[in-house]
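[1] here is a sequence with its predicted model. Questions after.
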Amino acid sequence: MSAGLFGLLDDVAALAKLAAASVDDVGAAAGRASAKAAGVVVDDTAVTPQYVQGVAAHREVPIIKRIATGSLRNKLLFILPAALLLSQFADFLLTPLLMVGGTYLCYEGAEKIWERVSGHGDHAGDSVEEVKEHLDADAEEEVITGAVRTDFILSAEIMVIALNEVSDEPFLSRAAILVVVAVAITVLVYGVVALIVKMDDFGLHLAQRGSAARQAVGRGLVRAMPVLLSVIATVGVAAMLWVGGHIIVAGLDDLGWHGPYDLVHHLQHEVEHALHFAAGVWGWLTNTLASAVVGLLVGAAAVAVMHVLPVGGTEH
C-alpha cells in the first residue's frame, strides 16, 4: 500500500514538473514571439495617446480602459481563432500575410515621415484636437470605436508575427502562447499609455503643492511630456520601418528570392569582422539599419502610389 502511494506521489510530482516545464516553455516562447512584434507594439503605444488629447482629465483613463478592452476582444475573439485555423490548415499563407502586414508597416512609417516633411500631418492634428476639446458622449463613443478599429490592424499584425514564431509548436501550445502574448501585450501597451497620459496631471499636482523640490519635479514632468510623446512617436516610426523591412526581406528569402536577405547578412558579417569590439552589437545595428532602409524604400513606393501619383488618388 505504502509503495503504491509513494509511486502515485512520484507520478504526481513528475506531472507537476512536466506542467511547470510546459508553463516555462509557453512563457519563453511568448517572450520570443512578443519581442519579434516589438515594432508594432511601439507603434501601438505611440499612436494611442492621440485619442485622449484634448479630453477632460477625468475621462482619459476610462477611455483608455475601453480601448484596451476592445483591443483584447479583437485579439482573443476574432484574430486568435482565425490565426490558429490559418496555422493549422493553411500555414503556407503565413509568409505572404506577414509580408502584406510588413508592407503596411513600411507604408505607415514612410507616410508619417512624408507628413512631417510635407507638413500635411500638422493640420489634421490640429483639427483632431479641436474636435476633442468638446467631446460629448456620442463623440467619445466615436473616438473609441475608431481607436479599436485601428487597433484591429495593429493587433492582427502582432498576432501574425507571434504566430509565425511559434508555428512549429503543437496546436494547444500555440493557442496558449498566443493567449499569453495577447494579454501581456495589451496590458503592457495600455498600461504604459495610461501612465503617459496621466504623467502631466501628476506633474501638475506636484507643481502646485509641497516642497520646492516636489514642485520642481512636477514642472519637469509637465515640460517633459511633449518631448516624451515626440520621442515615442519617432521610435515608433523607426521601429515600423525596421520591423516591416525585416519581415519583407525574410519573407522574400522564404519564397525563394535570396538576394536581399543575403546582402543584408553579408553587410552584417562584414561589419562584425571589421569591428572586433562589441561585434555582435554592431552587426545587429547593421542588420537593423539595412532592414529599415528596405522598409523605407518599400514604404516610399507605397506612399507614392497612395498619395503622390495620380493613380493613388488626390494628394492630401
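    That came in fine, so what should we check first?
[2] may I see the buried residues of stretch 292-305?
    The neighbour-count check on stretch 292-305 (16 or more other C-beta atoms under 10 Å) flags 292, 294, 295, 296, 298, 299, 300, 302, 303 as buried. Glycine gets a C-beta too; all of them are placed from N, C-alpha and C.
[3] closest to residue 166 out of those?
    Of all the buried residues of stretch 292-305, residue 166 sits closest to residue 295, with 23.8 Å by C-beta to C-beta.
[4] quick one: that closest one from residue 269, how far?
    Distance of residue 295 to residue 269, given as C-beta to C-beta, to the nearest Å: 21 Å.
[5] now swap in residue 87 and tell me
    For residue 87, the distance to residue 269 - C-beta to C-beta - is 32 Å.
[6] ok, so of the buried residues of stretch 292-305, who is nearest residue 265?
    When the buried residues of stretch 292-305 are compared against residue 265 (criterion: C-beta to C-beta), the nearest one is residue 294, at 12.7 Å.
[7] now that closest one. Nearest residue, chain neighbours left out?
    residue 245 (3.7 Å; C-beta to C-beta, 6 or more residues apart in numbering).
[8] remind me which helix or strand the one you found belongs to.
    helix 212-254 (DSSP states H and E).
[9] model confidence over the next helix or strand after that helix, on average?
    The helix or strand immediately downstream of helix 212-254 is helix 259-274, counting by DSSP H and E. Average pLDDT, helix 259-274: 91.
[10] just the pLDDT for the residue lying closest to residue 102 once chain neighbours are set aside.
    In this structure, residue 102 finds its nearest non-sequential neighbour in residue 247, 3.1 Å apart by C-beta to C-beta, 6+ apart. Note for residue 247: predicted pLDDT of 88.
[11] contacts only, for residue 247.
    98, 99, 101, 102, 105, 161 (C-beta atoms under 8 Å, 6 or more residues apart in numbering).
[12] so of the buried residues of stretch 292-305, which ones are in helices?
    292, 294, 295, 296, 298, 299, 300, 302, 303 (DSSP state H).
[13] may I ask which helix or strand encompasses residue 280?
    Per DSSP H and E: helix 279-303 holds residue 280.
[14] pretty sure residue 287 contacts residue 268?
    Yes - the criterion here is C-beta atoms under 8 Å, and residue 287 meets it with residue 268 at 4.6 Å.
[15] ok, residue 221 touching residue 199?
    Yes - the criterion here is C-beta under 8 Å, and residue 221 meets it with residue 199 at 5.7 Å.
[16] with neighbour numbers in mind, choose between the two.
    residue 221 (19 against 16; other C-beta atoms under 10 Å).
[17] list the buried residues for the helix or strand hosting residue 205?
    Per DSSP H and E, residue 205 falls inside helix 171-207. Buried residues in helix 171-207, counted by 16+ other C-beta under 10 Å: 174-178, 180-182, 185-186, 189-190, 192-194, 196-201, 203, 206-207.
[18] what about residue 167, which SS state?
    Under DSSP: H, G, I helix; E, B strand; the rest coil, the three-state class of residue 167 is coil.
[19] that one - nearest residue in space that isn't next to it in sequence?
    residue 87 (5.5 Å).
[20] pretty sure the one you found is touching residue 94, no?
    Yes - applying C-beta under 8 Å as the test, residue 87 and residue 94 come out as touching, 6.7 Å apart.
[21] what touches both of these two?
    163, 167.
[22] between the two, which one's more packed in?
    Between residue 87 and residue 94, residue 87 has the larger neighbour count (other C-beta under 10 Å), namely 22 against 19.
[23] show me what whatever helix or strand the more buried one lives in is in contact with.
    For residue 87, the element it lies in under DSSP H and E is helix 80-89. Contacts with helix 80-89, where a contact means C-beta under 8 Å, 6+ apart, come from 93-94, 97, 159-160, 163, 167, 171, 174-175, 178-179, 182.
[24] now do it and helix 171-207, the angle between them.
    150 degrees (axes from the mean of the first three to the mean of the last three C-alpha atoms, to 10 degrees).
[25] kindly provide the whole-number mean pLDDT of helix 80-89.
    Rounded mean pLDDT across helix 80-89 is 88.
[26] what of stretch 92-99?
    86.
[27] before we move on, back to that, how close does the residue nearest to residue 167 get to residue 248?
    The value you get for residue 87 to residue 248, if C-beta to C-beta is used, is 21 Å.
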